[in-house]
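Trainee: After the sequence you'll find the predicted model.
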Amino acid sequence: MSLFEYQVKNLKPIYMSPAPHKIRTDIKTKTVYLEGYSSFLNLTELSDMNRLYVTWDYNSGLGVEALDSLIQQVLKLKNLKSLHIRGYNLPPPPLEIWGLQGLDELALEGFILRSIPTSVSKLTNLKGLTLKDCHISSFPKELKFPTDLRFLILSNNRFNFIHPDIWNLKELRVLNLSTNGIYHFPDEIGKLTNLRVLRLRGTKLRKLTAEVGKLTKLQVLDILYTNVWPIPRTIENLTDLKYFCIDGSGFLKLLPELGKLLNIKNLKIRSLSVTNSSLITLTERCNDLIHLKALTVSLETPDKLSEKIMCFSNLNSLVIRGKVTEIPPEIGMLRNLETLEITSGAFRQLPTELGLLSSLQVLKVNFSDLQALPESIGNLRELKELHLKYTLLEKLPHTIGNLGSLKILNLHASKFREIPAEIGKLKELRILVLTMNKLSTLPEEIGELSSLNVIEASGNNINTLPKGIDKLSKLRYLNLGANELNSLPSEIGGLQSLEKLSLISNQLSEVPESIGALESLKILYLNENQLIEIPTGIFKLKKLEKLSIGSNQIQSIPPEISKLATLKILHLPGNQLTEIPPQLASLERLEILNLCRNSIQSVPSQISELRYLKRFDLSYNPVTNFWRKLFGRFFDIEKNG
C-alpha cells in the first residue's frame with residue numbers, strides 16, 4: 001500500500017462515523033481510563049497497567065462487535081488487577097471474563113446479565129464485586145461467591161431474595177442491595193460481623209431483623225425509601241454508627257434508641273409530611289443527639305420551619321428541601337453551622353438573624369421565591385460560597401462587599417439587572433456566575449477582582465464590556481455567549497491567563513486585533529455572529545487548540561491559517577466558504593475539521609497529509625471532485641473487502 005493510500009484509509013471521511021475513543025493514563029497508579037472504542041485502539045501497548053476503567057456509550061454508534069473486540073483485548077492484559085466497565089443495556093460479556101483469575105476487583109454496570117454465572121467462584125483473588133444495573137432477577141442455587149470478598153454491590157437489579165451464600169462471606173465490609181425487590185431480610189445477617197456499610201435503600205423491606213444488632217462495626221446503615229417498621233431495639237448496640245438514613249416517620253418513633261448512638265454524625269430524615277408538631281417532637285429529644293452534625297429535612301406541604309430547630313446547636317450542615325414558607329429568626333442561633341442549603345422554598349426573604357451565623361462557609365438558596373437579602377449578610381465574614389440560583393432577586397445588598405473570604409458567587413437564572421460596585425472588594429473571588437439574568441453591563445469595579453479565574457455571564461443583555469477588564473490577570477475562562485455585544489474593547493487583549501473565550505450568539509461584525517495578544521488562549525468560540533472574515537488577530541494565537549466560528553458569513557479561509565500550528569479542532573460550518581486553501585494541510589495536529597453547510601466544490605489533495613485527522617465533515621456541500629480524486633480508492637478498497 002502506498003503512503004497516500006495509507007493516509008486515506010486512516011482518515012474518517014464523514015461525521016457519521018462513531019466518536020473516536022478517548023484514553024487517559026495515570027502512570028503513578030497504573031490506571032487507564034477509556035471512553036469509547038476505535039479500530040486503532042491497542043490495549044496491549046498498556047500491558048503493564050493494573051487498573052482499567054471503561055465507559056461505553058451505545059448511542060455513539062458503537063455496536064456489539066466493537067464491544068466484543070474490546071473485551072478480547074482486555075482478556076490479554078495479564079497484569080490486570082481491577083476491571084470496571086460501565087454502560088447501559090449492554091449484552092452479556094463473554095464467559096472468558098469470569099476466567100480472569102488475577103483480578104482482585106471486577107465491576108460491570110449496565111450489562112444484561114439476568115443471573116450471576118457460577119464461574120464467578122473461579123475468581124479466587126477477588127476482593128470486590130460490583131454488578132450494578134445488570135437486570136439480575138435470580139441466582140443459580142449452586143452459586144458460590146469468592147470467599148475473600150470485601151465488598152459486594154448488587155444494587156439496581158430485579159431480584160427479590162438474597163442468595164444464602166452471601167452469609168458465608170466472613171470478610172465482607174460493604175454490602176449494597178439497594179433498589180431491588182427484596183422483602184425479607186434473614187437472621188443470617190448477624191454472621192457478617194466485619195460489615196461496615198449496609199445499604200438497603202429503595203427495597204420492599206418491611207422488617208429488619210434484630211440480628212442487625214450484632215453488626216457492632218457498622219458505620220453506615222441506609223434504609224431510606226423502605227417500609228421498615230418497627231426498628232429493632234438492638235440497634236442501640238451499633239455504637240460505631242456514623243451515617244444513618246431513615247424515613248422521618250420511622251425516626252420519630254425510634255428516638256429513644258437513637259439517643260444511645262452517641263457517635264452518630266450524619267442523619268438524613270425524609271417524610272411525606274414533616275409538620276410543625278413532628279419537628280417539635282424531634283427537638284424535644286435533641287439532648288440525645290448532641291453529636292448530630294448534619295440534618296436534612298424535606299417538607300412536602302407548605303409550612304414554616306419550626307423555631308425549635310435552634311435546639312440542634314451543634315449542627316454543621318442543615319439542608320431544608322420543599323415548601324418551606326418562612327425561615328424563623330431562631331436559625332441565627334445555630335452558631336456552629338457551616339453549610340446552609342434551602343431549596344424550593346416559597347419564602348420571599350431571609351431573617352436578619354442570618355448574619356449571626358459567624359461560622360457559615362456555604363450558603364445555598366436555590367429555586368425559591370426569594371426577593372431580597374438582608375443587609376446583615378455582610379456579617380458572614382467566613383462565607384466562601386454563595387449560591388442564589390433560580391430566585392426572584394433583582395439586586396444584591398451593598399454589604400456584599402464585606403464578604404472578604406468569598407470564592408464562589410453564583411447568581412444563575414435569577415432577575416438581576418445590575419451588580420453593585422462593591423463587588424470589586426471581593427479580592428478572594430475565584431468564580432463568578434451571572435448566567436441567564438437581565439444584565440446590560442458589568443461594573444467597572446469587576447476589574448479589581450484580582451483572584452478571579454472564571455466569569456460565566458451568558459444569556460444576558462450585555463452590550464458593552466468595562467475597559468478595566470484587562471486587569472483580570474488570573475482570568476482563565478470568560479463566557480459572554482448569548483448577549484448583545486457588537487464590539488469588544490481592545491483591552492480584552494490584556495487577559496494574559498485566559499485559556500477559554502466564548503462569544504457565541506452576539507452581534508460581532510469584527511474582533512479587535514488585540515485578541516492576538518491572548519498568549520494563553522486554547523479555545524475560542526465565535527459562532528453565530530456577523531463576521532465576514534476570520535479576524536486576523538486570531539492567527540497570532542500560538543497556543544490555540546480549538547477554533548469554532550460556525551454560522552457566520554465568512555467567505556474564505558486565508559492562507560494565514562497555517563500559522564495556527566497547535567490547532568486540533570476547526571469548526572467553520574454554516575458559512576459561505578467556496579474552497580479550502582491548501583495551507584490547511586500545514587495544520588499537522590488537526591484532528592477534527594468541520595466544514596459542513598458551506599458552498600465548497602473541491603478539496604485539495606494535500607488534505608490527505610493530515611495524518612491525525614479523525615473527523616472530516618463536508619456534508620451539505622456541492623463537492624464535485626472530492627470523492628473521485630481523493631477518496632475513490634478508499635471506497636474501492638472497502639467494497640472489495
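Mentor: Yep, that arrived.
Trainee: Next, residue 148: secondary structure please.
Mentor: coil (DSSP: H, G, I helix; E, B strand; the rest coil).
Trainee: Test my guess that it contacts residue 121.
Mentor: No. Counting by Cβ atoms under 8 Å, residue 148 stays clear of residue 121, with 11.6 Å between them. Placement of C-beta: from N, CA and C, glycine included.
Trainee: tell me the phi and psi of the closest residue to residue 191 other than its chain neighbours?
Mentor: Spatially, and ignoring its direct neighbours in sequence, residue 191 is nearest to residue 167 (5.0 Å; Cβ to Cβ, 6 or more residues apart in numbering). Phi and psi for residue 167, reported as degrees, to the nearest 10, are phi -70, psi -10.
Trainee: From residue 382, how far out is residue 355?
Mentor: Relative to residue 382, residue 355 is positioned 12 Å away (Cβ to Cβ, to the nearest Å).
Trainee: Ok, residue 358 next?
Mentor: Distance of residue 358 to residue 382, computed by Cβ to Cβ: 7 Å.
Trainee: can you check residue 554 too?
Mentor: Distance from residue 554 to residue 382, counting by Cβ to Cβ: 51 Å.
Trainee: quick one: which of these two has more around it?
Mentor: residue 554 (21 against 15; other Cβ atoms under 10 Å).
Trainee: what sits against the spatially closest residue to residue 376 that is not a sequence neighbour?
Mentor: Once flanking residues are discounted, residue 376 sits nearest to residue 355: 2.8 Å by Cβ to Cβ, 6+ apart. By Cβ atoms under 8 Å, 6 or more residues apart in numbering, the contact set of residue 355 is 332, 374, 376-380.
Trainee: for these, which one is nearest residue 446?
Mentor: Residue 446 has its nearest neighbour among the contacts of residue 355 in residue 378, at 18.9 Å by Cβ to Cβ.
Trainee: sec struct for that closest one, please.
Mentor: Applying three-state DSSP: residue 378 is helix.
Trainee: number of nearby residues for it?
Mentor: The burial count for residue 378: 19, using other Cβ under 10 Å.
Trainee: Contact partners for the closest residue to residue 240 other than its chain neighbours?
Mentor: Spatial nearest neighbour of residue 240, chain neighbours left out: residue 219 (5.5 Å); criterion: Cβ to Cβ, 6+ apart. Residue 219 makes contacts with 196-197, 240-243, as judged by Cβ under 8 Å, 6+ apart.
Trainee: can you check residue 472 too?
Mentor: Contacts of residue 472 (Cβ under 8 Å, 6+ apart): 446-447, 449-450, 452, 455, 495.
Trainee: If we use 7 Å, what do you get?
Mentor: 447, 449, 452, 495 (Cβ atoms under 7 Å, 6 or more residues apart in numbering).
Trainee: looking at this, the residue nearest to residue 376 is in a helix?
Mentor: Yes. Per three-state DSSP, residue 355 lies within a helix segment.
Trainee: picking that back up, ok, the residue nearest to residue 240 to residue 198 distance?
Mentor: From residue 219 over to residue 198 (counting by Cβ to Cβ), the distance is 9 Å.
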